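A.B. asks: Only the shape, not the letters, is given here:
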């Protein structure tokens, strides 16, 4: 993986974004929670048709761990997506969330509906919203 781009969030936290592949941009939000984006690799070959913008959420991977640990909660992570989207000039963005990244991506889309062109949720978890686990 190449050296990441470093983007400043609105609160000054430095966020790392790794770029992989060629084609239209796809902003990718990893799960975990608290897991760096490296595990997403090339999303099963999706980098052949898309430029994957793999975000290391604050406190993970090459992104800064902020002094305010309260800012690690998923509502703040949703604002980080918007800060990254603006810095990368993705207007609007195609966004992919995986696992615990799904509620973050979903909240971002709800807060900034004009900022998202397409939203893909891969193995979403509803736990942050209080949804009961199921067998799916």
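C.D. replies: In hand now; what should we look at? Quick caveat, the model's predicted, so the values are computed rather than measured.
A.B. asks: residue contacts, the residue nearest the centre of the chain?
C.D. replies: The structure's the chain has its C-alpha centroid closest to residue 29; by Cα atoms, centre = their mean the separation is 2.4 Å. Contact partners of residue 29, counting by Cβ atoms under 8 Å, 6 or more residues apart in numbering, are 55, 57, 77, 81, 95, 96, 97, 98, 101, 102, 104, 105. Where you see a C-beta, it was placed from the backbone N, CA and C, and this is true even at glycine.
A.B. asks: quick one: contacts of the biggest helix by length in the chain?
C.D. replies: Ranked by residue count, the top helix of the chain under DSSP state H comes out as helix 74-87. For helix 74-87, the surrounding residues in contact (Cβ under 8 Å, 6+ apart) are 5, 7-10, 13, 15, 17, 27, 29, 33, 53, 55, 57-58, 70, 91, 93, 95, 100, 103-105, 107-108, 111-112, 115, 128.
A.B. asks: which is the next helix or strand following it?
C.D. replies: strand 93-98 (DSSP states H and E).
A.B. asks: got any ranges where the protein has weak pLDDT?
C.D. replies: Low-confidence segments of the chain (pLDDT under 70): 1, 125-136.
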